[in-house]
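**Student:** below: sequence and its predicted model.
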Amino acid sequence: VLISMGLPYSYSRLMTFLRKVKPPSSVHYQEEILTHSLSNNALPMLTITSPLPNLEKKVIGIIARQHPGETWSSHLMEQLINQLISNSPEATYLRDKFIFRIIPMVNVDGVIYGNFRCDISGFDLIGSGGCLTASFIRKYGHSRTVFTTYPNSTHFKCSSTYMDIAKSTTPSAIPARKIH
């Protein structure tokens, strides 16, 4: 009998999922290796948008699994990626307006080695303000700038914002609330 606080989601499952992603031609989908972890595991990053160039697009950076024990975030991320590459009117609207830069599993070593909150060095990647810590930036490279590599994006801004996903036909009807 196995007991778990949450439904497991491994690094292997993420990599298998990413290999199977087949977006339609109406989606610009790019997968790249952002960097390698301390244990030399690939840290994948995705870019999802529409193929039409638009210099007015804002960049939305999304990260998950900063804390390895929060497996639910990987399940949510998988569904988010599936939704963003779908042909739904909401996904098309979002891709036309935004560039999504997604790091689906930030703390890959912590996930692989079974840690609950820290990486393999014993550091919590998220500081008290809810942002990636300076130690993460130093260890894992240029992650702070991956969200600002497109025209008209200003600085990496950290906020504790979540969205209530509502059944709606217009993306503007999805409310976002800030938590403090």
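**Tutor:** Perfect, I can see it now. Residues are numbered from 1 along each chain as shown.
**Student:** how far does stretch 49-56 stretch from one end to the other?
**Tutor:** This stretch, stretch 49-56, spans 13 Å end to end (C-alpha to C-alpha, to the nearest Å).
**Student:** what does the longest helix seen in the chain contact?
**Tutor:** With secondary structure taken from DSSP state H, the chain has its longest helix at helix 72-84. With contact meaning C-beta atoms under 8 Å, 6 or more residues apart in numbering, helix 72-84 is reached by 6-7, 9, 13-14, 17, 21, 27, 46, 48, 62, 64-65, 90-91, 94-95, 100, 102, 104-105. (Glycine included, C-beta is placed from N, CA and C.)
**Student:** helix or strand next in line after it, which one?
**Tutor:** helix 89-97 (DSSP states H and E).
**Student:** which strands or helices does that following helix pack on?
**Tutor:** Secondary-structure packing of helix 89-97 (3 or more C-beta pairs under 8 Å, 6 or more residues apart in numbering; DSSP states H and E): helix 72-84.
**Student:** pLDDT of the helix it packs on, averaged?
**Tutor:** Helix 72-84 shows a mean pLDDT of 96.
**Student:** tilt between it and helix 89-97?
**Tutor:** 90 degrees (axes from the mean of the first three to the mean of the last three C-alpha atoms, to 10 degrees).
**Student:** buried residues in helix 72-84, which are they?
**Tutor:** Residues 73, 74, 77, 78, 80, 81, 84 are the ones in helix 72-84 that count as buried (16 or more other C-beta atoms under 10 Å).
**Student:** ok, now how distant is the first one from residue 18?
**Tutor:** Residue 73 is 16 Å from residue 18, where distance means C-beta to C-beta, to the nearest Å.
**Student:** again, but for the fourth one
**Tutor:** Distance of residue 78 to residue 18, given as C-beta to C-beta: 10 Å.
**Student:** I'd say residue 44 and residue 35 touch.
**Tutor:** No. At 10.0 Å, residue 44 and residue 35 do not qualify as touching, with contact defined as C-beta atoms under 8 Å.
**Student:** which of the two has more residues huddled nearby?
**Tutor:** More neighbours surround residue 44 than the other of residue 44 and residue 35, with 19 against 15 (other C-beta atoms under 10 Å).
**Student:** helix/strand/coil for residue 106?
**Tutor:** coil (DSSP: H, G, I helix; E, B strand; the rest coil).
**Student:** can you count the residues close to residue 39?
**Tutor:** 11.
**Student:** how about it: what's its closest non-neighbour residue?
**Tutor:** residue 109 (4.9 Å; C-beta to C-beta, 6 or more residues apart in numbering).
**Student:** now swap in residue 49 and tell me
**Tutor:** residue 99 (4.4 Å).
**Student:** the host helix or strand of the one you found pairs with which strands?
**Tutor:** Assigned by DSSP H and E, residue 99 belongs to strand 98-103. Each strand paired with strand 98-103, and its direction, by DSSP bridges: strand 42-49 (antiparallel), strand 58-63 (parallel).
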